[in-house]
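Student: build the 3D model from these lines:
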Amino acid sequence: MVCPSALAFILNNPVRRALTDRHAVIAESHIDKKSIVLEVGAGNGFFTEVLVHEAKKVYAVELQSGMIRKLRKRIPASADNVEIIEMHIADLELVPGIVDVAFFYYAFHEVDNQEKAAEKTGRAVRKGGWLSLYEPRVEVSAAMMESSVAMFEKTGFVREAGRESFFTRFAGLRKER
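Tutor: This next block holds a predicted model:
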């Protein structure tokens, strides 16, 4: 279930900020000042507000207009490196190989038509690029996570990293073809 924009405060609150080391997640996701990032499920900007300072360019994809309104408030007006896209990832047409990193944080399990979304993501990430897939353990079982990873592997990604913590399942994949 997609988090409705009326409950956006759940996604960006002091407890979540204290429990999530966003800079560590960004580093683990191979994002640096030279990176062009596809952030899928940007929501109200919990990660976007950090990515704006850590990446060269961010394509922040969000489906809900209510979330986009909240996201725009979080991004500095002077930030010219963020492009907010109101669209379902499965419908997005980006130039092939345009991004270095695709970043899904607690979002892929909410995507309708996951196979098509994985295809579109795979097309957008350059060869040698990276995909970070973070999912909440409470909503995504180990089997569901493996199914998600398999969808991305079909599009040319190879898993290079993975871990589980109390809250999160993580898979890091490199684009090989």
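
Student: what does the strand ranked longest in the chain rub up against?
Tutor: The longest strand of the chain (DSSP state E) is strand 125-136. By C-beta atoms under 8 Å, 6 or more residues apart in numbering, the list of residues contacting strand 125-136 from outside reads 25, 28-30, 38, 97-106, 108-109, 121, 144-145, 148-149, 152, 156-157, 167-177. All C-beta atoms are positioned from the backbone trio N, CA, C, and that covers glycine.

Student: strands paired with it, and their directions?
Tutor: Strand 125-136 sits in its sheet next to strand 99-105 (parallel), strand 168-175 (antiparallel), going by DSSP bridges.

Student: which stretch among those is buried most, on average?
Tutor: strand 99-105 (a mean of 26; mean count of other C-beta atoms under 10 Å).

Student: check contacts around Gly41.
Tutor: Applying C-beta under 8 Å, 6+ apart, the residues near Gly41 are Val61, Glu62, Leu63, Ile89, Phe104, Tyr105, Tyr106, Ala107, Phe108, Glu110, Val111.

Student: mind putting the strands paired with strand 125-136 into a markdown table with distance to Arg69 and mean pLDDT?
Tutor: As requested, those are exported to a markdown table (distance: least, C-beta to C-beta, whole Å; pLDDT from 0 to 100):
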| stretch | distance to Arg69 | mean pLDDT |
| --- | --- | --- |
| strand 99-105 | 20 | 99 |
| strand 168-175 | 27 | 99 |
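
Student: now those in CSV, with distance to Asp80?
Tutor: What follows is the strands paired with strand 125-136, written out as CSV (distance: least, C-beta to C-beta, whole Å):
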stretch, distance to Asp80
strand 99-105, 17
strand 168-175, 27
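
Student: which residues of this protein score low on pLDDT?
Tutor: Scanning the chain with the threshold set as pLDDT under 70 gives 1-13, 15-17.

Student: strands of that one, residue ranges please.
Tutor: 36-40, 57-62, 82-86, 99-105, 125-136, 157-164, 168-175.

Student: select, out of those strands, the one closest to Lys70.
Tutor: Closest to Lys70 of those, according to C-beta to C-beta: strand 57-62, at 9.5 Å.
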